[in-house]
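Peer 1: fold the following and give me the result.
(2 chains)
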Amino acid sequence: MKYFAISEKERRDLMGKKQKGLFYSFSFSFVVAFTAGSILMGSQYLLTAKIQQNKIMEKMRSIFKIAGIDHSLYKDIGIKKFYSKNISSEKIAGFPQRLIYRKNGSVHRYIYPLKGKGFWGPIKGFISFDKSLFKIKGIVFTHQEETPGLGAEIATEKFYNKFKDKIISLTPKSNKIILHLSKAGQAKSPHDIDGITGATETTTLVEEMLNSTLKSVILNRQEIQK
Amino acid sequence: MNSLAIIKKALWHENPIFVHMLGVCSALAVTTRVQNALVMALAVTVVSMGTNLIVSILKSFIPNKIRLIIEMIIIATFVILFDLLLKAYYFEMSKQLGPYVGLIITNCIILGRSEAFALKNKPLASLADGLGNGLGYGFILIIVAFFRELLGAGTLMGHQILPNSIEPARAMLLAPGAFIIMGVIIWIIKSIQLKGAQS
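Peer 2: Model prediction:
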């Protein structure tokens, strides 16, 4: 029993009288392609809504998590209801769009979307701040294509927890670095966050992405204070 | 040859990975986590069984000249279907496997088995051959993933196993680690097989 190791003659013998005409080949492949296409179109049609739903629910769950909303008891419908009731979107000219989570009517968390390039593909996520826009309350990466086990570790609780309660401000030395992802285990200043070993490139790109968002958050904050 | 013998043969003496060296590419790619390996093994088994069955049923109608194209259409249909189902019902898993599910279409085990077996055998035997080859591929995947996840990340199925004081060897998660582990496993299995053949 070997792979591809039969001669053309053997094959013809095995398949008997299947050397049929051109018309037969055309019609046969048409029927096969049509059947396969119909099956796929049908299942796509039936499943698209469910797949879209999964994507929306995942986004809502991520936002809930970093906004500090316990959603473990909610079903999908409950999450949607809570979301449309308490979370609203806001756009101030010149600043990125942000989400606001209001608790009992007053602002509780600001959530900014994160978007940037990673080592292998785009990275997307959300970051949440307290109402004064000083403290990071949570971060989540909803899309990343980094190396499994290395760069992909950015999308783990372990990494997320490092951001909790970090205070963002412009550092005195330069007004460029807001958060600095240092080498693992070397975080010293309050603006330092341990990076990921073996994923220097991903770490640097995440830092870039964060800082560009954080810069506009700081500007946003100054705007509010005026 | 009964179904059981066909499955046994595909698992050991004619194993797609360590005897025929087929499907090695995907075996290296998805084995960073045991969980990914499990789902990949399941996907390949399902697709291989389905393709073998359909090809075997259609074998007396498929024109010889265009048989490869027909086989590819059947394989692609099964893979896309599996991918859609994964996205709809196991969204987390589909996110983790990313493009690898779609790449099952190019897995040579499936085309190889439909060419070499399903075109010449009865549907039931072909189904058994698909099952055997899927499992034969899967168990190697799981062994490789076990060592790579344990040594490279210190976890198994996402749970921490090694104490935090031991720094895991990250290289195991990269391609070289996969080649080393795969090579060692094939070496061990081959020497067992050779010993069996001598005695």
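
Peer 1: and the next element down the chain from the longest helix along chain A?
Peer 2: Counting residues, the longest helix found in chain A (DSSP state H) is helix A:22-67. Remark: after helix A:22-67, the chain's next helix or strand is helix A:76-86, criterion DSSP states H and E.

Peer 1: which secondary structure elements does that following helix contact?
Peer 2: Here helix A:76-86 touches helix A:22-67, strand A:98-103, going by 3 or more Cβ pairs under 8 Å, 6 or more residues apart in numbering or on different chains; DSSP states H and E. C-betas here are computed from N, CA, C, even on glycine.

Peer 1: helices or strands next to the next helix or strand after that helix in the packing?
Peer 2: Following helix A:76-86 in sequence order, the next helix or strand is strand A:87-90 (DSSP H and E). Judged by 3+ Cβ pairs under 8 Å, 6+ apart, strand A:87-90 is in contact with strand A:98-103.

Peer 1: got the buried residues for the strand it packs on?
Peer 2: The neighbour-count check on strand A:98-103 (16 or more other Cβ atoms under 10 Å in any protein chain shown) flags A:Arg98, A:Leu99, A:Ile100, A:Tyr101 as buried.

Peer 1: where does residue 103 land on pLDDT?
Peer 2: You didn't say which chain, so I picked chain A. On pLDDT, A:Lys103 comes in at 83.

Peer 1: looking at chain B here, not the other one
Peer 2: So, for B:Leu103, pLDDT stands at 85.

Peer 1: low pLDDT regions in the chain?
Peer 2: I went with chain A, as the question did not name one. Applying pLDDT under 70 to chain A flags the ranges A:1-20, A:149, A:169-190, A:224-226.

Peer 1: actually, chain B is the one I wanted.
Peer 2: B:1.

Peer 1: for A:Ile196, see how far away the residue of it most remote from its centre is.
Peer 2: With distances taken as Cα atoms, centre = their mean, the residue sitting farthest from the centre of chain B turns out to be B:Ser165, at 34.4 Å. According to Cβ to Cβ, to the nearest Å, B:Ser165 stands 18 Å off from A:Ile196.

Peer 1: pretty sure A:Glu89 contacts A:Arg98?
Peer 2: Quick fix: residue A:89 is Ser, not Glu. Yes: with contact defined as Cβ atoms under 8 Å, A:Ser89 reaches A:Arg98; the gap is 7.4 Å.

Peer 1: what do those two both touch?
Peer 2: Taking Cβ atoms under 8 Å, 6 or more residues apart in numbering or on different chains as the contact criterion, no residue touches both A:Ser89 and A:Arg98.

Peer 1: related to what we said a few turns ago, right, and the helices and strands packed on helix A:76-86 - which one's nearest chain B?
Peer 2: Distance to chain B, taken as Cβ to the nearest Cβ, is lowest for helix A:22-67 among those, at 4.2 Å.

Peer 1: can you name every helix or strand that that closest one contacts?
Peer 2: helix A:76-86, strand A:106-117, strand A:122-130, strand A:136-143, helix B:67-89, helix B:91-97.

Peer 1: what comes into contact with stretch B:182-197?
Peer 2: Counting by Cβ under 8 Å, 6+ apart, B:Trp12, B:His13, B:Ile17, B:Phe18, B:Val24, B:Ala27, B:Leu28, B:Ile140, B:Ile143, B:Val144 sit against stretch B:182-197.

Peer 1: spit out the contact partners of the fifth one.
Peer 2: Under the criterion of Cβ under 8 Å, 6+ apart, the contact list for B:Val24 reads B:Ile17, B:Met182.

Peer 1: could you do the second one as well?
Peer 2: Taking Cβ under 8 Å, 6+ apart as the criterion, B:His13 is in contact with B:Val19, B:Gln193.

Peer 1: so it, which of the three states?
Peer 2: Using DSSP: H, G, I helix; E, B strand; the rest coil, the secondary structure recorded for B:His13 is coil.

Peer 1: still on that earlier bit, using CSV, lay out the helices and strands packed on helix A:76-86 together with distance to B:Asn52.
Peer 2: Below are the helices and strands packed on helix A:76-86 laid out as CSV (distance: least, Cβ to Cβ, whole Å):
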stretch, distance to B:Asn52
helix A:22-67, 16
strand A:98-103, 50
